[in-house]
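Novice: Next one to model:
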Amino acid sequence: MRFVLSIFILTALLALPLALSHAQLANSPWPMFRQNIQRTGMGAFRASTSGILAWSYQTGWRVESSVAIGSDGTVYAGSGDTRFYALTSTGAIAWSYRAGSQVYCPALISSDGTLHVGSNDHRLYAFSPAGVLVWSYRAADYFVSSPVMGLDGTIYVGSEDYRFYAFTSAGVLSWSYGAGDYFDSSPALAADGLIHVGSDDNRLYALTTDGKLSWSYETAKDIFSSPAIDSNGSVYVGSWDDRLYALGSTGLLSWSYSTGGQVRSSPAVYSDGRIYAGSGANALCAFSPTGSLDWSYRTGDAVHSSPALDADGLLYAGSWDNRVYALTSGGALVWSYAAAAAIDYSSSAIGSDGRVYVGSFDNTLYAFEGPPTPTPTPNYINLAVSPASVVPGGPVTLTYACDFSTWNYQEVPVDIYIAAIKNPLVADAASTVSDALGGGTVYLFGENMKSVYIYTGSVHGPTFSNVAFPPVPTAGSLTILAPSAAGFAGNYVFATAFIRRDTRQFVRTDLPVENSNLFTIQ
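Specialist: Residues are numbered from 1 along each chain as shown. Below you'll find the model as predicted:
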């Protein structure tokens, strides 16, 4: 991962309050429906820009389930043929499990690899990564809602028996909450701890972690759409009354927009605040954070599939016109692919290799090629982190190696800043300053990520020289304790900025920084 950070973003963030968000559970590129527990649909990887089919897998019936992707690249999806499938990254069958009825629920992969998925046989299942049944729970009706897991391991999921459930990681029922109709919507978790979920009784519910109602908001028709929560706590959800709604964290309406067709699609939220959703009026729509329509792209039929976003802001969604679409953030077509039947509720998922996965009514799961591997760029400083996953308060070791000689470096007095980028915009690819500015939250890394390591001194040729704090050679390591506060949980990369001491400007703005150091604070 290569980042070049601006000193302006680094110094400004010293004065900012630290934003809270939950962890992205599991070390997986797409571990659950809508990518993360806020259900934003935004991924950390660049995805297919070609639309070339890598492989497809034929099941015995419609694939309405969205894909979950394990940390080893295993692809998980359910089918109307009653089976839950595990496929290798090359499209070969690893294992399958036959449930008692259709499997339309997208799976959740927990941090230990356990798979949680519901079925129309009224059961919620938990499987080991090898496909061994760990436990199951039988409700009074279908599980279509996709589970989500809280930081304490509690699993939240809705059922068509009019109840919303909370289970321990061992499958023991903690509590349930009753509504007036189906819970088909998949729950989203907010930084304030509230659980947001829609119901076919026309309401969006906000529940506490002990199952009490905090607030609810009523629309004119069913809420099948799953809510998405942005970094400010705003909640976005669609309704069958044709509207996309934006609510504040306390349930007050900020705005709504009529799309002209049912909004069964779950909205996606990008890091710049723009919101995307499909409409039954044969369109993919983009909205500003204030609720104005930025653009819409006409498709040949309804868009119930929920859009997915890659690291560059490219948008991927399916339609009832049988096509998968890839659009730019400005609404221009990049590519489309015609399946043999409609793409309904299966939402696109993006793997760490950039492949895009989606299911279709033609009984097929499709995998599209990722972007081409970029040409390696000479490095400025290499950073590697260990371990790849750490508990709050645990030690993080950052190993570095400098290769200034590559650049015919001249003696310059510099300060060296190390930052941690949470949920970065760019991963495993060359980036620019604007990429870094438009990426995830940037923390100057020090105690509780509030301070900064500054190396003061002069750089002579290929080596550090006369470095005052701390003294380091051209290669070495630093060990820092990860912050213990729950709000810091999430995915990070490290990055550096080399700033001239005399002018406070970049030493070289054109030099990339190689950061092969994606890691997670659990």
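
Novice: Can you name the residues bridging to residue 356?
Specialist: In this structure, residue 356 bridges to residue 350, residue 368 when assessed by DSSP bridges.

Novice: Verify the contact between it and residue 350 for me.
Specialist: Yes: shown here, residue 356 and residue 350 form a contact pair, counting by CB atoms under 8 Å, at 5.8 Å. C-beta here means a position set from N, CA and C on the backbone, and glycine is covered the same way.

Novice: Residue 487 should be in a helix, yeah?
Specialist: Yes: assignment of residue 487 by DSSP: H, G, I helix; E, B strand; the rest coil places it within a helix.

Novice: Return the distance of it relative to residue 422.
Specialist: Here the distance between residue 487 and residue 422 works out to 10 Å (CB to CB, to the nearest Å).

Novice: just to revisit the earlier point, which of residue 356 and residue 350 has more residues huddled nearby?
Specialist: Taking neighbours as other CB atoms under 10 Å, residue 356 and residue 350 compare with residue 350 leading, 30 against 27.

Novice: can you tell me the average pLDDT over stretch 132-143?
Specialist: Confidence for stretch 132-143, expressed as mean pLDDT, is 97.

Novice: Convert the C-alpha atoms of that stretch to CSV, please.
Specialist: As requested, C-alpha coordinates have been extracted for stretch 132-143 and formatted as CSV (Å, rounded to 0.1, in the frame of the first residue of the first chain):
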residue,chain,number,x,y,z
VAL,A,132,-18.9,-28.5,10.2
LEU,A,133,-22.2,-27.5,11.9
VAL,A,134,-21.4,-25.8,15.2
TRP,A,135,-24.9,-24.9,16.3
SER,A,136,-28.4,-23.9,14.9
TYR,A,137,-31.4,-22.1,16.3
ARG,A,138,-34.9,-22.6,15.0
ALA,A,139,-37.3,-19.7,14.9
ALA,A,140,-41.0,-19.7,13.9
ASP,A,141,-40.4,-18.5,10.3
TYR,A,142,-37.8,-17.6,7.6
PHE,A,143,-34.4,-16.0,8.2
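
Novice: which residues sit in contact with residue 340?
Specialist: For residue 340, the contact set (CB atoms under 8 Å, 6 or more residues apart in numbering) comprises 322, 360, 362, 364.

Novice: hang on, the earlier thing: any shared contact partners between residue 356 and residue 350?
Specialist: Listed as contacting both residue 356 and residue 350 by CB under 8 Å, 6+ apart are 47, 308, 316.

Novice: Distance of the closest residue to the second one other than its chain neighbours relative to residue 117?
Specialist: It refers to residue 308. In this structure, residue 308 finds its nearest non-sequential neighbour in residue 348, 4.1 Å apart by CB to CB, 6 or more residues apart in numbering. Going from residue 348 to residue 117 by CB to CB gives 18 Å.

Novice: With residue 101 instead?
Specialist: Between residue 101 and residue 117 the distance is 12 Å, computed by CB to CB.

Novice: Comparing those two, which shows the higher neighbour count?
Specialist: Relative neighbour count places residue 117 above the other of residue 101 and residue 117, with 28 against 13, counting by other CB under 10 Å.

Novice: close enough to count as contact, residue 336 and residue 322?
Specialist: No: taking contact to mean CB under 8 Å, the distance of 9.8 Å between residue 336 and residue 322 leaves them out of contact.

Novice: how about residue 285, what does it touch?
Specialist: By CB under 8 Å, 6+ apart, the residues touching residue 285 are 244, 257, 259, 276-279, 293, 295-297.

Novice: Tell me which of residue 487 and residue 422 has more neighbours.
Specialist: Neighbour totals were compared for residue 487 and residue 422, and residue 422 leads with 22 against 15 (other CB under 10 Å).

Novice: Surely the more buried one touches residue 494?
Specialist: No: assessed by CB under 8 Å, residue 422 is found out of contact with residue 494, at 11.1 Å.

Novice: Which residues are in contact with each of these two?
Specialist: A shared contact of residue 422 and residue 494, defined by CB under 8 Å, 6+ apart, is any residue touching both; here there are none.

Novice: for this protein, which spans come out with low pLDDT?
Specialist: Using pLDDT under 70 as the threshold, the predicted model of the chain has low-confidence ranges 1-29, 373-382, 400-419, 423-477, 495-517.

Novice: how is it carved up into domains?
Specialist: Taking automatic domain parsing as the domain assignment, the record places the domains of the chain at 7-20+376-521, 53-368.

Novice: which one of those has the most crowded surroundings?
Specialist: Between those, domain 53-368 has the highest mean count of neighbours, a mean of 21, where neighbours are mean count of other CB atoms under 10 Å.

Novice: what's the span of that one from first residue to last?
Specialist: Taking CA to CA, to the nearest Å, the first and last residues of domain 53-368 lie 4 Å apart.

Novice: chain center to it, what's the gap?
Specialist: Centroid separation between domain 53-368 and its chain, computed with CA atoms, centre = their mean, to the nearest Å, is 12 Å.

Novice: Unless I misread the structure, residue 421 falls within a strand.
Specialist: Yes: with the criterion set as three-state DSSP, the secondary structure at residue 421 is a strand.

Novice: Look up how far residue 394 lies from it.
Specialist: Using CB to CB, one obtains 19 Å as the distance from residue 421 to residue 394.

Novice: re the thing from before, dump the domains of the chain to a markdown table, plus distance to residue 42.
Specialist: Listed next are the domains of the chain as a markdown table, based on distance: least, CB to CB, whole Å:
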| stretch | distance to residue 42 |
| --- | --- |
| domain 7-20+376-521 | 8 |
| domain 53-368 | 5 |
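
Novice: for those, which one sits closest to residue 35?
Specialist: Of all the domains of the chain, domain 53-368 sits nearest to residue 35, with 7.2 Å by CB to CB.

Novice: quick one: the nearest residue to residue 339 once chain neighbours are set aside and residue 199, what's the gap?
Specialist: Spatially, and ignoring its direct neighbours in sequence, residue 339 is nearest to residue 360 (4.2 Å; CB to CB, 6+ apart). Spatial separation of residue 360 from residue 199 under the definition CB to CB is 28 Å.

Novice: Also residue 67?
Specialist: Going from residue 67 to residue 199 by CB to CB gives 25 Å.

Novice: residue ranges for the strands of the stretch 1-150 of the chain, please.
Specialist: The residue ranges that make up the strands of the stretch 1-150 of the chain, judged by DSSP state E, counting those that start in this stretch, are 53-58, 68-69, 75-78, 83-87, 93-98, 108-109, 115-118, 123-127, 133-138, 148-149.

Novice: got TSV for those, with distance to residue 389 too?
Specialist: Converted to TSV, these look like this (distance: least, CB to CB, whole Å):
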stretch	distance to residue 389
strand 53-58	28
strand 68-69	17
strand 75-78	20
strand 83-87	22
strand 93-98	23
strand 108-109	14
strand 115-118	18
strand 123-127	21
strand 133-138	21
strand 148-149	15
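
Novice: Among those, which comes closest to residue 284?
Specialist: Residue 284 lies closest, by CB to CB, to one member of those: strand 53-58, at 21.4 Å.

Novice: okay, the angle between that closest one and strand 83-87?
Specialist: 150 degrees (axes from the mean of the first three to the mean of the last three CA atoms, to 10 degrees).

Novice: Which strands and helices lie in contact with strand 53-58?
Specialist: strand 364-368 (3 or more CB pairs under 8 Å, 6 or more residues apart in numbering; DSSP states H and E).

Novice: which secondary structure elements does the strand it packs on contact?
Specialist: When contacts are defined as 3+ CB pairs under 8 Å, 6+ apart, strand 364-368 packs onto strand 53-58, strand 75-78, strand 356-359.

Novice: Can you lay out these as a markdown table showing distance to residue 343?
Specialist: Listed next are the helices and strands packed on strand 364-368 as a markdown table, based on distance: least, CB to CB, whole Å:
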| stretch | distance to residue 343 |
| --- | --- |
| strand 53-58 | 13 |
| strand 75-78 | 13 |
| strand 356-359 | 6 |
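
Novice: Good, we can wrap up now.
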